[in-house]
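[1] Show me the folded form of this:
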Amino acid sequence: MSDLNDETIFSVILAAGKSQRLGRPKALLKINNDILINFLVKRLKKHNITTIIVTREELISEIKNLTEEVEVIPNNNPESGRTGSLQIGLNFILENFSKNFKALVVPVDRPGFSSSTLSKLISLDGTFCPEKDGRGGHPLLLSKSDVKKILNQNPTTPLRDIIKPKKFEVMDDYLHLNVDTEKDISILMEFISSFRNEAI
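    Numbers count the residues shown, from 1 in each chain. You can find the predicted model right below:
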């Protein structure tokens, strides 16, 4: 039984990677009349989830200008990896919003989840991620205890070495979309087109 009525769920969008293979910031990829990171922000807002974006210092100004009202904070040591970015986002929530929360981890380059998957995730109590064809995907819901566990780790430690999410099967065709190369952008656009027909 979920006790989410007594807790707040925040999301942390991870967008501090260098995008070396793609050669340009993934967060700022243009999709129709929007950018990728704002597409994610809007989807999360429709589920009443407060969002924090963690990105590189040089991208903050542009992301702030192009996204709806949302907190955008820097990772001044992005080379430490995604766990370090997540820790920055989690600490920001602790210091500015709530001591009692669950966190949704949303990598900017893994946008292929459905709205039904998002609804299912935020209804759960624990640490969970969606799964398709035997492989886990994103977003990732963190329990309060796992939030604390992550904050106590070295920022270079991979998330998979810290937590073990429970998984639930989904039918999302694009769950494993990883926007990493130019070829992936065409798949991203396919997903965006299919998403337009989905009830949010």
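
[2] what's the closest residue to Val72 other than its chain neighbours in contact with, if anything?
    Spatial nearest neighbour of Val72, chain neighbours left out: Ile53 (4.6 Å); criterion: Cβ to Cβ, 6 or more residues apart in numbering. In short, each C-beta sits where N, CA and C put it, glycine included. Counting by Cβ atoms under 8 Å, 6 or more residues apart in numbering, Ile53 touches 12-13, 15, 27, 37, 41, 63, 67, 70-73.

[3] for the helix or strand encompassing Ile53, what is the average pLDDT?
    Using DSSP states H and E, Ile53 sits within strand 50-55. Per-region confidence: strand 50-55 scores 96 on mean pLDDT.

[4] pull the CA atoms of it into PDB?
    Extracted in PDB, the C-alpha atoms of strand 50-55 (Å, rounded to 0.1, in the frame of the first residue of the first chain):
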ATOM      1  CA  THR A  50       8.200  19.300  -9.100                       C
ATOM      2  CA  THR A  51      11.300  19.200 -11.200                       C
ATOM      3  CA  ILE A  52      15.000  20.000 -10.700                       C
ATOM      4  CA  ILE A  53      17.400  20.100 -13.600                       C
ATOM      5  CA  VAL A  54      21.100  19.500 -13.000                       C
ATOM      6  CA  THR A  55      23.300  20.500 -15.900                       C
END
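
[5] Listing partners with orientation, what would you give for that strand?
    Partners of strand 50-55 in the sheet, by DSSP bridges, are strand 8-15 (parallel), strand 71-74 (parallel).

[6] Next SSE downstream of that strand?
    Using DSSP H and E, the helix or strand that follows strand 50-55 towards the C-terminus is helix 60-66.

[7] Next, the buried residues of that next one.
    For helix 60-66, burial by neighbour count (16 or more other Cβ atoms under 10 Å) applies to 62-63.

[8] Contacts for it next, please.
    15, 27-28, 35, 37-38, 53, 55, 72-74.

[9] what about the helices in this structure?
    For the chain, helices defined by DSSP state H occupy the ranges 36-46, 60-66, 82-96, 115-123, 144-151, 182-195.

[10] In space, what's closest to Gly136 - neighbours in sequence excluded?
    Per Cβ to Cβ, 6+ apart, closest to Gly136 is Cys129, 4.8 Å.
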